[in-house]
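> Predicted model follows, preceded by the sequence.
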Amino acid sequence: MAGGSEFISINPSLNREVFKLGGKSLLECYQCGSCTAVCPLAEELNVSFRRAIRYTQLGVEEKILGDISPWSCNLHGDCTDSCPRGASPSEILAAIRRYQANKYDWTGLARWWNNSSLTAKILTYLAFFAISLLFYFGIYWQKILQFASTGKLVILSELLIPVVAVFVVALVILAPSGYRAYRFMIKDKKKEVGFFKSLKLIANFFIKLETESMGVPHKRDRILEHVLILVGLGLFILLAIIYLVFPKFFEFEIISKALIYIASLSLLIGVGSPLTKRLMASEKTHWYYKKFRHPTDWMSLITLFPVALMALLVFVFYDLSMILYAYIAFALLLIFLIPFLLLEFAFGKHTHWLYKIIAYYVGARTGYFRGD
Ligand code: SF4
């Protein structure tokens with residue numbers, strides 16, 4: 001940098017890659033700015049989707065990696081409804097997020113996973129699933145039979161060890177990627193807002209935005225699906241922590257079972273609803289469920305659905321006194337969790353939760369919120 005000017009490096013393959021990652025209408029954009037103007041977020045945040053799209057068209061990688069606008073997008077879709085060029089800004093932004101996530105990942109495997117075709121993804125997933133299946137039933141089958149014969153359902157800590165180990169591996173992969181994302185996003189920005197005020201800004205922003213959006217049917221459906229997934233995952237994580245620090249809690253069978261049912265049903269409906277709408281898409285289905293059909297969108301749902309289903313079946317079988325089936329469902333739950341954690345949680349679309357949280361945090365601390 002010299003005399004206030006700045007040399008900017010261009011990555012000529014960036015726009016092609018974003019195009020392949022689902023940003024098919026990238027070149028349609030002629031920079032009118034309507035997408036930013038109509039976006040309900042623009043009242044609250046200094047978003048600029050037009051700018052993010054421009055940087056992508058030009059291949060200005062450094063600017064794209066540090067841009068938090070794409071992570072602000074909550075898929076309200078007003079931009080896509082109003083773009084005069086018939087482009088789909090929300091899809092372009094989703095593709096930019098995939099590109100950013102690929103670059104934040106330090107292993108290089110996210111790029112391989114997210115750029116591969118749906119067939120390659122399913123085959124890889126099935127290979128991991130088969131290894132996990134052979135491992136579990138090969139090693140633990142006798143133990144399962146032995147415990148099932150007691151007629152009681154006990155959480156077999158031994159069975160949890162491989163999943164916990166895989167979870168730790170996934171976290172070890174994810175944590176440096178999250179740190180890289182933070183470094184890219186915070187670069188050249190000044191922290192102007194205190195930590196607690198930032199949290200308050202984020203909370204107020206989401207409450208206001210999502211409450212307003214609940215009045216619009218297609219937005220309401222999508223918000224509810226996301227909330228159900230969050231409730232399901234959040235409750236499962238909470239129950240796992242309680243199990244580790246205060247296992248006696250599970251002796252209060254009515255409460256613990258009610259929480260498990262709420263968690264598994266929330267997750268099952270939250271994942272099953274968009275999956276069904278995508279699979280059964282008709283003319284009446286909102287474009288949101290028809291447009292977001294990139295392989296990463298499919299895999300995030302396909303890999304989570306059986307986890308939620310098995311979690312529910314464990315207790316359905318138990319309540320029906322089908323103890324052996326309850327144990328098999330429990331083993332299958334763990335078996336499905338392994339490829340989910342190793343592929344989707346560590347490299348796939350589920351990493352976006354982390355990057356989104358980081359982007360909102362960086363945004364709130366650096367004056368991105370208009371309410372500060
Ligand atoms: S509304 Fe469409 S053409 Fe206008 S800036 Fe947004 S994506 Fe580009």
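Yep, that arrived.
> which residues in the stretch 51-200 of the chain form helices?
Under the criterion DSSP state H, counting those that start in this stretch, helices of the stretch 51-200 of the chain are mapped to 61-66, 69-72, 78-82, 89-104, 109-115, 118-148, 157-186, 195-213.
> The ligand: which of these is closest?
The closest approach between the ligand and any of the helices of the stretch 51-200 of the chain, judged by C-beta to the nearest ligand atom, belongs to helix 89-104 at 4.1 Å. For the C-beta atoms, the positions are set from N, CA and C on the backbone; glycine is no exception.
> State the mean pLDDT of that closest one.
Averaging pLDDT along helix 89-104 gives 95.
> thinking Lys190 is in contact with Thr366, fair?
Yes - under the criterion of C-beta atoms under 8 Å, Lys190 makes contact with Thr366 at 6.3 Å.
> okay, these two: which has more neighbours?
Thr366 (20 against 9; other C-beta atoms under 10 Å).
> tell me the domain ranges of this protein?
14-104, 117-365 (automatic domain parsing).
> which element follows the one helix or strand Ala308 maps to toward the C-terminus?
According to DSSP states H and E, Ala308 maps onto helix 295-319. Counting by DSSP H and E, the next helix or strand C-terminal to helix 295-319 is helix 323-339.
> and that following helix, what's its mean pLDDT?
93.
> Can I get the helices of the stretch 51-200 of the chain in JSON lines including distance to Val18 and mean neighbour count?
Formatted as JSON lines, the helices of the stretch 51-200 of the chain follow (distance: least, C-beta to C-beta, whole Å; neighbours: other C-beta atoms under 10 Å):
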{"stretch": "helix 61-66", "distance to Val18": "9", "mean neighbour count": "18"}
{"stretch": "helix 69-72", "distance to Val18": "10", "mean neighbour count": "24"}
{"stretch": "helix 78-82", "distance to Val18": "16", "mean neighbour count": "19"}
{"stretch": "helix 89-104", "distance to Val18": "5", "mean neighbour count": "25"}
{"stretch": "helix 109-115", "distance to Val18": "11", "mean neighbour count": "19"}
{"stretch": "helix 118-148", "distance to Val18": "18", "mean neighbour count": "15"}
{"stretch": "helix 157-186", "distance to Val18": "16", "mean neighbour count": "16"}
{"stretch": "helix 195-213", "distance to Val18": "26", "mean neighbour count": "15"}
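> Just give the closest residue to the residue in the stretch 151-300 of the chain that the ligand sits nearest to, not the sequence neighbours.
Closest residue of the stretch 151-300 of the chain to the ligand, C-beta to the nearest ligand atom: Lys291 (13.7 Å). Excluding the flanking residues, the one nearest Lys291 by C-beta to C-beta, 6 or more residues apart in numbering is Glu91, at 5.5 Å.
> Retrieve the pLDDT associated with Gly3.
For Gly3, pLDDT reads 47.
> do Met310 as well
For Met310, the model assigns a pLDDT of 93.
> so it makes contact with Leu333?
Yes - in terms of C-beta under 8 Å, Met310 counts as a neighbour of Leu333; the distance is 3.7 Å.
> To what extent is Leu224 buried, counted in neighbours?
15.
> hang on, I meant His294
His294: 21 surrounding residues under other C-beta under 10 Å.
> what do you get for Glu251?
8.
> Over to the one 3 residues further on?
Using other C-beta under 10 Å, Ile254 has 7 other residues around it.
> I figured the residue nearest to Lys291 was touching Thr80, is that so?
Yes - under the criterion of C-beta under 8 Å, Glu91 makes contact with Thr80 at 7.2 Å.
> Need the residues touching each of these two.
Lys291 (C-beta atoms under 8 Å, 6 or more residues apart in numbering).
> low-scoring stretches of this protein, by residue?
In the predicted model, the chain carries pLDDT under 70 at residues 1-6, 371-372.
> near the ligand, which residues of it?
By C-beta under 6 Å from any ligand atom, the residues of the chain that approach the ligand are 29-35, 50, 53, 79, 83, 85, 87, 89.
> Just the buried subset of the residues you listed, written out for ChimeraX, thanks.
What follows is the ChimeraX syntax for the buried subset of the residues of the chain next to the ligand, where burial is set by 16 or more other C-beta atoms under 10 Å:
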select :29,34,35,50,53,79,83,87,89
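> and the two most separated of the residues of the chain next to the ligand?
Tyr30 and Cys79 (14.1 Å; C-beta to C-beta).
> still on that earlier bit, quick one, what contacts the residue nearest to Lys291?
By C-beta under 8 Å, 6+ apart, the neighbours of Glu91 are 22-25, 80, 291-292.
> let's go with 10 Å and repeat that
The neighbourhood of Glu91, defined by C-beta atoms under 10 Å, 6 or more residues apart in numbering, consists of 21-26, 75, 77, 79-80, 287-288, 291-294.
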